[in-house]
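>>> model the following, please.
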Amino acid sequence: MERPSVIHKEAATRCLLHNWTCYAEERSRFSWARERLALQGLPGGGLNMGFEAVDRHAAGVLRYHAALRFVSRNAPAVDVSYAELARQTNRFANVLQGLGTGQGDRLFLLAGRIPELYVALLGALKNGTVVTPLFSALGPEPIATRIQLGAGQVLVTTDVLYQRKVRQMRAHMPTLRQVLLVAEDGGVTHEPETLDLATLMAAASDSFSIADTQPDDRPFCISPVAPPARPRVRCMCTRPW
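Predicted coordinates:
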């Protein structure tokens, strides 16, 4: 199909407002103390990134507003509300707890910008699990090296990426206890020594007690040898305030 060389966009047709109307003004008054006051915090005084990103909005007037929008070339855009994202991330956090993965354990993500990527990331944060994203274009050996250096215990990836880049290197990742697979065709996976994520999610509870993490706890672990990722927009977060 022939594509236009120039895509024209009119500001008046955009449905989302800019978060910052004047960058210089926002920059001049920025402070970490001021930003901290904008966070709600947990009832017991903790600070959990998954709660701040999802649940505090799902409990308010933005409950049914779009938290994420996924745009595909061959399908209509799909919006995920804050309420639905809260339910799905709670389910994933329960999946982790059911596998014996808790606060401080290491989870690695190897996937494109699919809904399960964001559900797993936010659900792991709500569980207090340390998250490490992997660049999906990496080869089998760099992936295995990063998982082993980071003492990865759980990996979330797709069945296709697992077959191409992980399965042959599984023996070189002795710390990796569980691999959760997403079927790229939307079905159910049947890879040996792996678990089907959709099946686990369907059996998990929508309710979850969010981990009482603290500001100094480590939510993410980025490998120092990972190449810089080039940003490509596949989803967008709407302005939550």
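>>> neighbours of Lys126, how many?
27 (other Cβ atoms under 10 Å). C-betas here are computed from N, CA, C, even on glycine.
>>> I meant Leu161, not that one.
Around Leu161 sit 21 other residues, with neighbours defined as other Cβ under 10 Å.
>>> mind listing what it touches?
By Cβ atoms under 8 Å, 6 or more residues apart in numbering, Leu161 lies in contact with Leu110, Ala111, Ser136.
>>> and for Ala58?
Contact partners of Ala58, counting by Cβ under 8 Å, 6+ apart, are Ser81, Tyr82, Ala83, Leu85, Ala86.
>>> would you list the residues you listed in JSON lines and tack on neighbour count, secondary structure and distance to Leu161?
Shown next, in JSON lines, are the contacts of Ala58 (neighbours: other Cβ atoms under 10 Å; DSSP: H, G, I helix; E, B strand; the rest coil; distance: Cβ to Cβ, whole Å):
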{"residue": "Ser81", "neighbour count": "17", "secondary structure": "strand", "distance to Leu161": "28"}
{"residue": "Tyr82", "neighbour count": "24", "secondary structure": "helix", "distance to Leu161": "29"}
{"residue": "Ala83", "neighbour count": "18", "secondary structure": "helix", "distance to Leu161": "30"}
{"residue": "Leu85", "neighbour count": "23", "secondary structure": "helix", "distance to Leu161": "23"}
{"residue": "Ala86", "neighbour count": "25", "secondary structure": "helix", "distance to Leu161": "27"}
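>>> tell me the one of the contacts of Leu161 nearest Tyr23?
Comparing the contacts of Leu161 against Tyr23 with Cβ to Cβ places Ser136 closest, at 31.3 Å.
>>> helix/strand/coil for the closest one?
Per DSSP: H, G, I helix; E, B strand; the rest coil, the local secondary structure of Ser136 is coil.
>>> against His172, how distant is the closest residue to it other than its chain neighbours?
Spatial nearest neighbour of Ser136, excluding adjacent residues (Cβ to Cβ, 6 or more residues apart in numbering): Gly112 at 5.6 Å. Separation of Gly112 from His172 (Cβ to Cβ, to the nearest Å): 24 Å.
>>> swap in Gln88?
Distance check for Gln88 against His172: by Cβ to Cβ, it reads 32 Å.
>>> can you check Ser72 too?
Ser72 is 34 Å from His172, by Cβ to Cβ.
>>> show me which of those two is the more surrounded one.
His172 (14 against 9).
>>> tell me, how many residues neighbour Arg106?
Arg106 has 20 nearby residues by other Cβ under 10 Å.
>>> just Gln97 next, same as before
Look at Gln97: counted by other Cβ under 10 Å, it has 18 neighbours.
>>> can I assume it sits in a helix?
Yes: under three-state DSSP, Gln97 sits within a helix.
>>> give the closest residue to it in space, chain neighbours not counted.
Computed as Cβ to Cβ, 6+ apart, the closest residue to Gln97 that is not its neighbour in sequence is Asn127, at 6.5 Å.
>>> surely the one you found is in contact with Arg106?
No: Asn127 is beyond contact range of Arg106, at 11.9 Å (criterion: Cβ atoms under 8 Å).
>>> over to Tyr64. Which of the three states is it?
When the rule is three-state DSSP, Tyr64 gets the label coil.
>>> need the contact list for it.
By Cβ under 8 Å, 6+ apart, the contact set of Tyr64 is Ser81, Tyr82, Ala83.
>>> how much space between it and Gln103?
Using Cβ to Cβ, Tyr64 is found at 31 Å from Gln103.
>>> can you list the weak-confidence ranges in this structure?
1-20, 218-241 (pLDDT under 70).
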